[in-house]
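[1] Using only what follows, build the 3D model:
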Amino acid sequence: MTFGFDLDLLKTFAAVVDCGGFTKAAERVHLTQSTVSQQIKKLELNIGSVLLRRDKSSGTVETTEAGEVLLSYARRILATAAEAAEVMRKPFAPRTVRLGVPEDFAGRRLIDLLSGFSAASPHIRLDTVSGWSTELRRQLDAGEIDLALIKREPGNGQCLASWKEKLVWVRCATRSVEADPVPLAVFPVGCIYRDRAIRAIEQSGRRWRIAYTSQGLMGVQAAVASGLGISLLPSDAVLSEHRQLGPADGFDDQPASEMALVKGRATLSNEAKSLGGFLADNLG
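    Numbering: from 1, shown residues only. Below is the predicted model of the structure:
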């Protein structure tokens with residue numbers, strides 16, 4: 001035989017036991033005494049066992065063996081139901097903030113940066129997407145993300161905060177690279193480092209060729225380290241396997257680029273403002 005437990009019947013049953021009788025139980029559960037009696041009978045019918053013995057002379061009740069077993073489960077079921085109702089009444093779902101980050105900034109560096117924010121703001125869920133600045137700008141305009149860290153020319157538009165990025169030329173530290181045309185290890189079209197490198201070489205009167213392209217920073221770093229090409233990278237992306245190049249090598253120093261924290265057209269939520277403030281204070 002299978003049956004489900006009606007919470008109202010279990011609540012009435014527990015009240016009768018706790019109050020020691022039907023009259024006081026009726027007052028507790030705000031029902032008439034006859035309704036309480038009907039609910040107990042219905043519960044006994046559903047279970048197929050007598051749950052209570054009533055002393056007609058004193059009006060008190062006591063549980064049968066089956067009633068004693070059910071009472072233990074009834075209390076746990078009612079407590080669990082009350083807990084679930086309390087949780088569901090609260091705004092338990094975390095608010096989500098969508099953050100776009102550059103391809104060369106994603107990974108461990110990003111996780112280390114955001115771990116402190118998440119620890120201090122457990123009510124905020126962070127969804128991050130990585131991409132190149134042109135794609136992140138498109139997602140901002142479309143309302144697909146709330147905030148984005150983008151790489152750009154200094155002062156190119158409004159932002160919530162910005163940081164200068166020193167750029168350096170690098171090649172393999174242990175092997176030479178051909179000089180003409182200059183082989184470049186770069187990111188895809190639309191990346192400021194790529195645009196800067198090509199423009200600088202053309203302005204010096206030299207030819208260039210794309211020797212290697214990678215979507216991610218690690219790919220470009222590895223290509224340079226293995227001698228596949230020369231690249232223009234942020235100074236904090238230079239590895240020990242790289243050798244920096246300067247004017248003596250035919251590569252003029254480049255002005256700094258900029259990483260900017262920008263928002264879309266929509267008004268930021270309080271959660272997004274909180275993340276923006278954290279990034280402005282902690283990203284350097």
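
[2] Run through who's touching the one helix or strand R194 maps to.
    When elements are assigned from DSSP states H and E, R194 belongs to helix 192-203. Helix 192-203 has contacts (C-beta atoms under 8 Å, 6 or more residues apart in numbering) with 133, 151-153, 167, 182, 184, 186-188, 207-208, 230-234, 251-252, 254, 257. For every residue, glycine as well, the C-beta is placed using N, CA and C.

[3] List only those of these flagged as buried.
    133, 151-152, 167, 182, 184, 186-187, 208, 230-234, 251, 254, 257 (16 or more other C-beta atoms under 10 Å).

[4] Identify each buried residue in the helix holding R194, please.
    Neighbour-count burial for helix 192-203 [16+ other C-beta under 10 Å]: I192, Y193, R194, D195, R196, A197, I198, A200, I201.

[5] returning to that earlier point: tell me which of the contacts of helix 192-203 fall in strands.
    K151, R152, L167, V182, L184, V186, W208, S231, L232, L233, P234, S257 (DSSP state E).

[6] what ranges do the helices span in the stretch 151-284 of the chain?
    192-203, 217-225, 270-282 (DSSP state H, counting those that start in this stretch).

[7] Among those helices, which comes closest to L99?
    helix 270-282 (6.7 Å; C-beta to C-beta).

[8] What is the closest one packed up against?
    strand 95-102, helix 108-120, strand 124-131, strand 147-152, strand 161-165, strand 257-263 (3 or more C-beta pairs under 8 Å, 6 or more residues apart in numbering; DSSP states H and E).

[9] winner for burial among the ones you listed?
    Highest mean neighbour count among the helices and strands packed on helix 270-282 (mean count of other C-beta atoms under 10 Å): strand 147-152, with a mean of 23.

[10] Just the angle for the helix or strand of the chain with the lowest mean pLDDT relative to strand 147-152, thanks.
    Here the helix or strand of the chain ranked lowest by mean pLDDT, DSSP states H and E is helix 108-120, holding a mean of 79. Angle, helix 108-120 to strand 147-152, by axes from the mean of the first three to the mean of the last three C-alpha atoms, to 10 degrees: 150 degrees.

[11] in the chain, which helix has the most residues?
    If you go by DSSP state H, the chain has its longest helix at helix 65-89.

[12] Buried ones in that one, by neighbour count?
    Buried, per 16+ other C-beta under 10 Å, within helix 65-89: G67, L70, L71, A74, I77, L78.

[13] Check for me that R28 belongs to a helix.
    Yes. Under DSSP: H, G, I helix; E, B strand; the rest coil, R28 sits within a helix.

[14] what's the closest non-adjacent residue to it?
    A15 (4.8 Å; C-beta to C-beta, 6 or more residues apart in numbering).

[15] okay, the one you found: pLDDT?
    Here the pLDDT value assigned to A15 is 92.

[16] cool, F3 as well?
    So, for F3, pLDDT stands at 59.

[17] Likewise for S269?
    90.

[18] Hmm, R95 and it touching each other?
    Yes. Here S269 reaches R95: they are 6.8 Å apart, a contact under C-beta atoms under 8 Å.

[19] Show me the shaky parts of the stretch 1-150 of the chain.
    1-3, 59, 90-93, 106-109 (pLDDT under 70).

[20] And the residue nearest the centre of the protein?
    The centre of the chain sits closest to L126, judged by C-alpha atoms, centre = their mean, with a distance of 2.7 Å.

[21] which one is E44 nearest to, not counting chain neighbours?
    E44 sits nearest to L51 (C-beta to C-beta, 6+ apart), 5.3 Å away.
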